[in-house]
Structure formats: C-alpha cells, structure tokens
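**Student:** Take this sequence and fold it.
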Amino acid sequence: MAEVYLYLTVVAFLAGFIQGLSGFGSVLLSLPLLALFLDIREAIPLVNLMGVILTVILIIQLRAHWEWGKIWPLLAGASLGIPAGVWLLKRMDPVHVQFVLGAVLLAYALYGLLFRLPIGKLGGPWAYLFGFFAGGLGGAISASGPPVIVYTSLQAWTKDQIKVTLQGFFIVSGLLIGVFHAANGLVTDGVIRNFLVSVPTLLTGTWMGSLLYGKFKEEGYRRVMLTLLGALGVFTLVRVL
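**Tutor:** Reported below is the predicted structural model:
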C-alpha cells in the first residue's frame, strides 16, 4: 500500500503542475498513469475529485477575468452530455473512448501547429455542441476538457480569459460528474482515501505550474496549449495500444 501511495503522490504532483501551467491536462495525464496501479473504475472518480480541487485554486488566482457569459453555454450543453457519458461508462469499455479521444487530440494539435487556426470565427451555437461532447467525455472517462479546450483555443480571448473560462467550466462540470459518480456507487471509501493522500503534492504541483504560466505571452500560451494537447493525444494512444 505504501508503494501505491508513493506513485499516487507523484502522479498528483504532475497533474497539478500541468493544470497550473496550461489550465487543463490533469485528467488526461493522470488517468492513464493511475490506471497502471488502480482499477479504472476507481481511477476515474479519483481524477475527477482531484480536478475539482485544482480548478478551485486556479479560479481564485484568475477571478478578475471571470465572465459568466463565456461559460454558461458550455455548461448548458454539458448538463445533457454528462448523464449520457455516465450511462456509457457503466456499459462499454472506456478504452474505446480513450482511443478516439487520443486520435482527435493529436490530429487537432498537429493542424493547429502546422496551419493557422480560424481564431474568432467559431461561436454562438457551437458552444452548446462543444459543451455536450465535453460533458459526455466527462461522464464516461472524467475527461471533459478536450472539446472545451478546442473551443476556447479558437476564440479571440486573452490567455487569462481562456484559462479562467476553462476553470469555470471544469468546476461546475466536475461537481456534476462527481454527483453522478456518487449516485452510481463509484465514489467508494478507497477513492476518498486516495484523494486525501494526493492533496498535498497536488497543491504543490499547481503552485509551481502557475509560476511558470506567468512567464508566457499570448501566442506562446496558445502554442503551449496545442503542444500539450498533442502530447496528451500521443500519451493516450500509446497507453491504449
């Protein structure tokens, strides 16, 4: 058990660092790693709880840039997608979902790094659609981030607006996902115990990642987002294959 706790704290630190740096990525990084030594149905609700704590910290840091108008359309779509994703979690192999997710992330990241993205041209009803897919992924594998990350990366917003919008979505969707997980018996005593063990290094990693985030300019931050998305896509595919 001590060895498991050691691995858990290391993964928590890495998850916090990535989230503090970019505003996303903690789930996509930590879920495959935790699945190496935890049952997948224990790892999924655990990473969701970790994500909720991370988003609270980052919202406090960026609260001056908070705008509900940017967040609520995404949440409205996610509220319909989350139950569908939880339904899938109980009835299908999460590996299949992770494979598709990894392929989409890698393809989008490569396109964004090699070609010019249509910044500022995708808004309106699209937010609801991206929110729905985000909720579905969140309910199925606790990875609601990718559709929202793609959507925000296409908006003509500052890096602080992008990051706090992501956190606003993550905090509400994470709480909703947690409720559905608990209602379906997925938040066990073991999940709670592992979560409490992970908190100290989770917070440390978040603080260090946030320090590095402050050194990036707007364009540099967008490229960091795309690079991390591509890396997470490769990581997800390698883990699945």
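
**Student:** residues contacting the most centrally placed residue in the chain?
**Tutor:** The chain has residue 145 as the residue nearest its centroid, 3.9 Å off, counting by C-alpha atoms, centre = their mean. When contacts are counted by C-beta atoms under 8 Å, 6 or more residues apart in numbering, residue 145 touches 24, 25, 27, 28, 134, 137, 166, 170. (C-beta placed from N, C-alpha, C; glycine too.)

**Student:** what about 7 Å?
**Tutor:** Residues in contact with residue 145 (C-beta atoms under 7 Å, 6 or more residues apart in numbering) are 24, 27, 28, 170.

**Student:** which residues in this protein form strands?
**Tutor:** For the chain, applying DSSP state E gives no strands.

**Student:** Which stretches in it count as helices?
**Tutor:** Using DSSP state H, the helices of the chain run over residues 2-22, 26-34, 40-61, 68-89, 94-114, 126-141, 145-153, 159-183, 189-213, 218-240.

**Student:** Below-threshold pLDDT in the chain: ranges please.
**Tutor:** The chain contains residues with pLDDT under 70 at 1, 94, 142.

**Student:** How far off centre is stretch 106-123?
**Tutor:** 19 Å (C-alpha atoms, centre = their mean, to the nearest Å).

**Student:** And for that stretch, what's in contact with it?
**Tutor:** Here stretch 106-123 makes contact (C-beta under 7 Å, 6+ apart) with 150, 154, 155, 156, 226, 229, 230, 233, 234, 237.

**Student:** redo that, cut-off 8 Å
**Tutor:** Residues contacting stretch 106-123 (C-beta under 8 Å, 6+ apart): 150-151, 153-156, 223, 226-227, 229-231, 233-234, 237.

**Student:** Keeping just the C-alphas, turn that stretch into CSV.
**Tutor:** Presented in CSV, the C-alpha positions along stretch 106-123 are these (Å, rounded to 0.1, in the frame of the first residue of the first chain):
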residue,chain,number,x,y,z
LEU,A,106,-3.3,14.5,-31.9
ALA,A,107,-5.0,15.5,-35.2
TYR,A,108,-6.2,18.8,-33.9
ALA,A,109,-2.9,19.7,-32.3
LEU,A,110,-0.9,18.9,-35.4
TYR,A,111,-3.3,21.0,-37.5
GLY,A,112,-3.1,24.0,-35.1
LEU,A,113,0.7,23.8,-35.0
LEU,A,114,1.2,23.5,-38.8
PHE,A,115,-1.6,25.7,-40.1
ARG,A,116,-3.4,28.8,-39.0
LEU,A,117,-6.5,28.2,-36.8
PRO,A,118,-9.7,30.2,-37.6
ILE,A,119,-9.4,32.3,-34.4
GLY,A,120,-12.6,34.2,-33.5
LYS,A,121,-14.8,32.5,-36.2
LEU,A,122,-16.4,29.8,-34.1
GLY,A,123,-19.0,31.0,-31.6
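
**Student:** Which positions within it qualify as buried?
**Tutor:** For stretch 106-123, the neighbour count (16 or more other C-beta atoms under 10 Å) marks 106, 108, 109, 112, 117 as buried.

**Student:** ditto for stretch 81-98
**Tutor:** 81, 82, 85, 86, 88, 89, 94, 97, 98.

**Student:** I appreciate the help and will end here.
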